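**Q** Could you look at this predicted model? Sequence included:
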2 protein chains.
Amino acid sequence: MGLSDDLAAVVGERHVLTSQDVIDGYVTDWTRRYRGTAACVVVPGSAAEVAEVVRACARRAAPIVPQGGNTGMVGGSVPWQGGPASPDFADAAAVVLSTHRLRGLEPVDVVAGQVTAGAGVTIAELNAHVRPAGFSYGVDLASRDSATVGGTIATNAGGVHSVRYGYTRAQLLGTEAVLADGRIISHLAGLTADNAGYDLAGLLAGSEGTLGVITAARLRLWSAETALVAVLAGVDTIAAAAGLYAEIRGRTSRVQAAEYFEAAGVELVCRVAGLPLPLDREYPAYLLVEAAGADAADQLAELGKLADAAVAMDPAGRARLWAYRERHTEAISAEGIPHKLDVAVPMSKLGPFRAALATATRPYREIVFGHIGAGNVHVNVLGPDPDDERVDEAVLRLAAAHGGTVSAEHGIGRAKARWLHLSRSAEEIAAMRAVKSALDPAGLLNPGVLFCGAAG
Amino acid sequence: MGLSDDLAAVVGERHVLTSQDVIDGYVTDWTRRYRGTAACVVVPGSAAEVAEVVRACARRAAPIVPQGGNTGMVGGSVPWQGGPASPDFADAAAVVLSTHRLRGLEPVDVVAGQVTAGAGVTIAELNAHVRPAGFSYGVDLASRDSATVGGTIATNAGGVHSVRYGYTRAQLLGTEAVLADGRIISHLAGLTADNAGYDLAGLLAGSEGTLGVITAARLRLWSAETALVAVLAGVDTIAAAAGLYAEIRGRTSRVQAAEYFEAAGVELVCRVAGLPLPLDREYPAYLLVEAAGADAADQLAELGKLADAAVAMDPAGRARLWAYRERHTEAISAEGIPHKLDVAVPMSKLGPFRAALATATRPYREIVFGHIGAGNVHVNVLGPDPDDERVDEAVLRLAAAHGGTVSAEHGIGRAKARWLHLSRSAEEIAAMRAVKSALDPAGLLNPGVLFCGAAG
């Protein structure tokens, strides 16, 4: 009797995947840069089964790597052993715990504007479920067809609407989760006023699977915006984009998204996706803003007349403009295995940071885009060997040197664990480690994620 | 050499208060219901001094009770030994740590819409500081002249604007705090996109001084609303008030506040404050809604014509309407020492809960008001002896039986520690205790708050 037999006794044999080619599909990161192996993949069908799976793994000291849509991009959802300078863990002994079968989706509570969803529900499915009731979910992102409720909570995903609705943590009214000792904590009543004790749901959000396996969540919904207008404007620099965004915010309060991208990315998207240039001529950089409400339409349409900009108010027209932003990721991926560095700096530092970035990534090709409203810049570097972490370190140190963070929205995962100290002090990391040890003393849940080695 | 000598060596003799009548001013709760004693009061002037104070107390195993404005109303900021059925702690050995001298207030960062404030700054001072720059702070409450930045974070205060801006946790971009081992954790860079590790600031928020002493915070600001309209409408029941509120929300998106109160409270306010009745005739209950924007003004003015309602758009007129709500607390206090029970139930349960409440509080006088947008009901009971906890228990159990929480916004404090289990499962409480033990193994910080006894 081995571990997979123990797990089969819990979830049934067909939900324990042991053949190597099936496992291969679960142990490679979306970027293809982070790749490991695993003892097996287990796919429990309920929180109770997740609890039994966690207990079974604990008995055999098998590390658990929780996995949702596996779109996280920092090696946090695959049992990757880490780069040359990162800590190893025994990936061959690891169990990938897929949440795909946790697909409960309750009817929308239209009075409260809330819904309870299982961890394995995708963001696209969640939105499709709530839309007929006139609601939308506050987090949306390009990977919506794969990214799951559980994964986006575990990583506190941001996405394109965070400038309006906040990150995933802000959508949470409570979670159901399995802790490392197999206990289930459940807080799904959906009270918006509830100050009875610590915010465990908020603590689990962004803990990247290191404190518990999220199995379901009670989520806040927002009234769906119908009158939307999108403007794509050409600008000269990232600082100009930030300035234009500030001007738009001053004119209208319901900005839904503010995306930045550059000529290199647009050129690539146009080539890979066969699209025409978005504006009459090429610009060094672009700002895409989407806002809601009739006043926004007037304001942005007027802005469109002033600047070189395209304005769209119908769904098809907006989708056309959004394609230039949303197809970046796949277009970059078609060119090779990118080094994806998701950082943020204070708005006032965007200009100097962008200028210095060109030097830090030399001699490689850099493609930069991001959510400018939060100072969030996704730096994609094409060229270096996947295992070569020098350019990663250079970019992360640069962000830190500009008062920024090494992770804006993707999290730390395994890929950035050795650089967490650039963003958090020794005192903060010690406090975080104390919390981790308290809830997972054996280090069963997602070892190698967030923390580097035993005391680093 | 005693503890107060140790503390005087850190903060200077004049900032260690040892005379009994001075101490008396710090060891009685705002409600006057919770009263204890203390070894001394210490008033450090910086985070570094707080850290030294914590270390000095740790060396002598003296419990620390952090105190901001002392307006929390659940005995969480005074060294009260607990009611007849609550756990004791050695209040005579306790040190009250007042944050009043932590009064740093940085210039408003107008680009980011943020400010860094010391824990001892009051909410009124904070708002006065940010208003000239066109901003307002998202949390406002009747105790604004006393309640502090640190205290409102420690209790995750809600207040009248939570329906629009959320609770205090939602305003936090980071905190500076001293942990039980004297380490300072500081995260004040103000990045809105920052997923590098656990949300320690969010964990400290609402931890009621049990995990750390908050010394400063980086706070999100909101564009100040100028065009405000207030409507005070007479209704028959709390369910009717909830229905009217839902209708208003459907008409306008910028609802700033939605307050509920009743005839008994209005009668009391009118008598104590010498005010006329708010409307032409008496109503069983009232809904006060404030909203922003020109469309809100039109919508609410129209509503004012339909219902029996008073509408005000000028500051003086709005203040006149708000007085009926805001003077409840002092008017109740003038009648005696109230039992204040701050609970919330799902919106759909407000009617049945309110009906059952009348029985649960019999034979005493009950005055009910609250933030109806969150199902938050403040139940004030006048009559029972301060030490008689029977009516408290009856009301809290009633809220729990209606799917509600024993604490909507005031927190658990010492007063409700024995009823935490009505709102949180044994598994959740075990996880909370694990976090507490990890960060404060000796139980130095605010013992008796949140958790009841050693393992209850």
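**A** In hand now; what should we look at?

**Q** Is A:Leu444 in contact with A:Val178, as I believe?
**A** No - when contacts are counted by C-beta atoms under 8 Å, A:Leu444 is not listed as touching A:Val178 (11.1 Å). Glycine gets a C-beta too; all of them are placed from N, C-alpha and C.

**Q** Neighbour count for these two, which is higher?
**A** Using other C-beta atoms under 10 Å in any protein chain shown as the criterion, A:Leu444 and A:Val178 rank with A:Val178 on top: 29 against 19.

**Q** for the helix or strand that one falls within, packing partners?
**A** Assigned by DSSP states H and E, A:Val178 belongs to strand A:172-179. On a contact count with 3 or more C-beta pairs under 8 Å, 6 or more residues apart in numbering or on different chains; DSSP states H and E, strand A:172-179 meets helix A:47-59, strand A:184-186, helix A:200-204, strand A:212-223.

**Q** can you pull out the helices in the stretch 301-450 of chain A?
**A** A:315-326, A:328-335, A:350-360, A:390-401, A:426-439 (DSSP state H, counting those that start in this stretch).

**Q** Report the distance from the last one to the chain centre.
**A** Right, helix A:426-439. In terms of C-alpha atoms, centre = their mean, to the nearest Å, the centre of helix A:426-439 is found 23 Å from the chain centre.

**Q** Report all helices and strands that it contacts.
**A** Against helix A:426-439 (3+ C-beta pairs under 8 Å, 6+ apart) you get strand B:184-186, helix B:200-204, helix B:426-439.

**Q** Could you do the shortest one as well?
**A** On a contact count with 3+ C-beta pairs under 8 Å, 6+ apart, helix A:328-335 meets helix A:263-273, strand A:365-371, strand A:376-382.

**Q** one more time with 10 Å
**A** Judged by 3 or more C-beta pairs under 10 Å, 6 or more residues apart in numbering or on different chains; DSSP states H and E, helix A:328-335 is in contact with strand A:255-262, helix A:263-273, strand A:339-344, strand A:365-371, strand A:376-382.

**Q** by how many degrees do the least confident helix or strand in chain A by mean pLDDT and helix B:294-306 diverge?
**A** Taking mean pLDDT, DSSP states H and E as the measure, helix A:294-306 is the helix or strand of chain A with the lowest mean score, a mean of 77. Note on geometry: by axes from the mean of the first three to the mean of the last three C-alpha atoms, to 10 degrees, helix A:294-306 and helix B:294-306 are set 160 degrees apart in direction.

**Q** how about helix A:294-306 as PDB, C-alpha atoms only?
**A** Listed in PDB are the C-alpha atoms of helix A:294-306, where the atom choice follows Å, rounded to 0.1, in the frame of the first residue of the first chain:
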ATOM      1  CA  ALA A 294     -23.000  58.200 -19.500                       C
ATOM      2  CA  ASP A 295     -20.700  61.000 -18.200                       C
ATOM      3  CA  ALA A 296     -17.700  58.800 -18.800                       C
ATOM      4  CA  ALA A 297     -18.700  58.300 -22.400                       C
ATOM      5  CA  ASP A 298     -18.900  62.100 -22.900                       C
ATOM      6  CA  GLN A 299     -15.700  62.800 -21.200                       C
ATOM      7  CA  LEU A 300     -13.700  60.100 -22.900                       C
ATOM      8  CA  ALA A 301     -15.200  60.800 -26.300                       C
ATOM      9  CA  GLU A 302     -14.000  64.400 -26.000                       C
ATOM     10  CA  LEU A 303     -10.600  63.200 -24.900                       C
ATOM     11  CA  GLY A 304     -10.600  60.900 -28.000                       C
ATOM     12  CA  LYS A 305     -11.000  64.100 -30.100                       C
ATOM     13  CA  LEU A 306      -8.100  65.800 -28.400                       C
END
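
**Q** Is chain B within reach of that helix?
**A** Yes - using C-beta under 10 Å from any C-beta of the partner chain, helix A:294-306 reaches chain B at A:Ala294, A:Asp295.

**Q** now stretch A:29-45
**A** No - Stretch A:29-45 lies apart from chain B when judged by C-beta under 10 Å from any C-beta; the minimum separation is 16.9 Å.

**Q** Okay, buried residues for that stretch please.
**A** A:29-31, A:33-45 (16 or more other C-beta atoms under 10 Å in any protein chain shown).

**Q** I'd like to know how many residues surround A:Thr226.
**A** Neighbour tally, A:Thr226, other C-beta under 10 Å: 8.

**Q** ah, wrong one, I meant A:Asp145
**A** The burial count for A:Asp145: 11, using other C-beta under 10 Å.

**Q** Quick check: nearest residue in space to it, chain neighbours excluded?
**A** A:Ala124 (4.8 Å; C-beta to C-beta, 6 or more residues apart in numbering or on different chains).

**Q** Mind telling me what element the one you found is part of?
**A** Going by DSSP H and E, A:Ala124 is part of helix A:123-130.

**Q** pLDDT of that helix, averaged?
**A** Here helix A:123-130 scores 98 as its mean pLDDT.

**Q** Likewise for stretch A:322-341?
**A** 95.

**Q** Kindly check the end-to-end length of it for me.
**A** Taking C-alpha to C-alpha, to the nearest Å, the first and last residues of stretch A:322-341 lie 22 Å apart.

**Q** buried sites along it?
**A** Quick answer for stretch A:322-341 (16+ other C-beta under 10 Å): A:322, A:324-329, A:331-333, A:337-341.

**Q** What of stretch A:345-363?
**A** Buried residues in stretch A:345-363 (16+ other C-beta under 10 Å): A:345-351, A:353-354, A:356-357, A:360-361.

**Q** Equivalent analysis for stretch A:111-125, please.
**A** A:112-123, A:125.

**Q** Distance of A:Leu350 relative to B:Ala189?
**A** A:Leu350 sits 15 Å away from B:Ala189, going by C-beta to C-beta, to the nearest Å.

**Q** Pick the most deeply packed of the helices and strands packed on helix A:328-335.
**A** strand A:339-344 (a mean of 28; mean count of other C-beta atoms under 10 Å in any protein chain shown).

**Q** For that strand, name the packing helices and strands.
**A** Taking 3+ C-beta pairs under 10 Å, 6+ apart as the contact cut, strand A:339-344 packs with helix A:328-335, helix A:350-360, strand A:365-371, strand A:376-382, helix A:390-401.

**Q** Dump the helices of the stretch 301-450 of chain A to CSV, plus distance to A:Gly150.
**A** Shown next, in CSV, are these (distance: least, C-beta to C-beta, whole Å):
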stretch, distance to A:Gly150
helix A:315-326, 23
helix A:328-335, 21
helix A:350-360, 32
helix A:390-401, 27
helix A:426-439, 17
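
**Q** Out of those helices, which is closest to A:Val96?
**A** Of all the helices of the stretch 301-450 of chain A, it is helix A:426-439 that lies closest to A:Val96, at 20.3 Å by C-beta to C-beta.

**Q** The closest one vs strand B:172-178, what angle?
**A** Using the same axes, to 10 degrees: helix A:426-439 against strand B:172-178 is 90 degrees.

**Q** how about helix A:426-439: buried residues?
**A** Result for helix A:426-439 [16+ other C-beta under 10 Å]: buried residues A:Glu427, A:Glu428, A:Ile429, A:Ala431, A:Met432, A:Arg433, A:Ala434, A:Val435, A:Lys436, A:Ala438, A:Leu439.

**Q** which residues touch the second one?
**A** A:Glu428 makes contacts with A:420-421, B:179, B:183-187, B:196-198, B:200-201, as judged by C-beta atoms under 10 Å, 6 or more residues apart in numbering or on different chains.

**Q** Next, the contact list for the nearest residue to A:Thr210 once chain neighbours are set aside, please.
**A** Closest residue to A:Thr210 apart from its sequence neighbours, by C-beta to C-beta, 6+ apart: A:Asn446 at 4.9 Å. Going by C-beta under 10 Å, 6+ apart, A:Asn446 touches A:63-67, A:76-77, A:79, A:89, A:94, A:97, A:154, A:207-211, A:213, A:413-414, A:440.

**Q** can we see that at 6 Å?
**A** A:Val65, A:Gly209, A:Thr210 (C-beta atoms under 6 Å, 6 or more residues apart in numbering or on different chains).
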